[in-house]
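Asks: Here is my input; please provide its structure:
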Amino acid sequence: MHYACSPQSIFITFVAMELKKIDGNHADANRLLQIYEASFPDNERIESEKYYEVLKHYSVDIYGIYDNDMLIGLVNVITRPAYRFIYLWYFALDEPYRNKGIGSVVLERLKELYPDCQLVLDMEPLDENAPNYEVRKRRTRFYTRHGLTLTGRCMTYFDNTFEIMCTQPPFREADFRKMFNEPIFKDWQPIFADVKSLFKGYNPTL
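Replies: Coordinates of the predicted model:
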């Protein structure tokens, strides 16, 4: 099964896992927040008390990743059919389920669900001066194995700067920027720039 850009089903089965839409009233809402809190540093997280409210405001689809009815991760996406892209905002697995190939399955499934869309995500830049540079390289390798490429562009928002990767290059930045012209994004106005212009230690060599 696949959808062009905006899947309507809230229950998608693949391999031995399921993606289910979750909101603040779901039985696993608190468990999802626990995984979220454990997976991202404070400066990259939305306050837990506001998580569901903020994501609803930005029209984010929140999916729980399930294995045998057990919530093991989350993936949040913003889709814009008119611009033919899907923005992967948060993607995390509970610690015991990492490095088992599950992330690969989820990412490939997203690409199958949105075959006509450019998948865009942002991540910590490949800055050699960063204390977790090797971790950043491993993450980048993971995404490159699944068809994403470094764009050489980054965006700064909410006091953080992230490097942009995408499928189906080149990065259609003009279309991506259109999303932030929508009224719901009036308080989320990223600043775009070349990564090399902001990070002297930038080294995209993997």
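Asks: Residue 19: neighbour count?
Replies: 24 (other Cβ atoms under 10 Å). For glycine as for every other residue, the C-beta is placed from the backbone atoms N, C-alpha and C.
Asks: Give the bridge partners for it, please.
Replies: residue 12, residue 65 (DSSP bridges).
Asks: how much space between it and residue 71?
Replies: For residue 19, the distance to residue 71 equals 11 Å [Cβ to Cβ, to the nearest Å].
Asks: list residues touching both of these two?
Replies: Common neighbours of residue 19 and residue 71, using Cβ atoms under 8 Å, 6 or more residues apart in numbering, are 64, 65.
Asks: Tell me where the protein has strands.
Replies: Taking DSSP state E as the criterion, the chain contains strands spanning 11-14, 17-21, 61-67, 70-80, 85-93, 118-123, 149-157, 160-166, 191-194.
Asks: Take those strands and lay them out in a markdown table including mean pLDDT and distance to residue 27.
Replies: Listed next are those as a markdown table, based on pLDDT from 0 to 100; distance: least, Cβ to Cβ, whole Å:
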| stretch | mean pLDDT | distance to residue 27 |
| --- | --- | --- |
| strand 11-14 | 42 | 15 |
| strand 17-21 | 88 | 11 |
| strand 61-67 | 94 | 10 |
| strand 70-80 | 95 | 9 |
| strand 85-93 | 95 | 19 |
| strand 118-123 | 96 | 28 |
| strand 149-157 | 98 | 32 |
| strand 160-166 | 97 | 32 |
| strand 191-194 | 98 | 39 |
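Asks: any chance of those in JSON lines, plus distance to residue 177?
Replies: Formatted as JSON lines, the strands of the chain follow (distance: least, Cβ to Cβ, whole Å):
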{"stretch": "strand 11-14", "distance to residue 177": "29"}
{"stretch": "strand 17-21", "distance to residue 177": "27"}
{"stretch": "strand 61-67", "distance to residue 177": "21"}
{"stretch": "strand 70-80", "distance to residue 177": "11"}
{"stretch": "strand 85-93", "distance to residue 177": "11"}
{"stretch": "strand 118-123", "distance to residue 177": "11"}
{"stretch": "strand 149-157", "distance to residue 177": "9"}
{"stretch": "strand 160-166", "distance to residue 177": "12"}
{"stretch": "strand 191-194", "distance to residue 177": "7"}
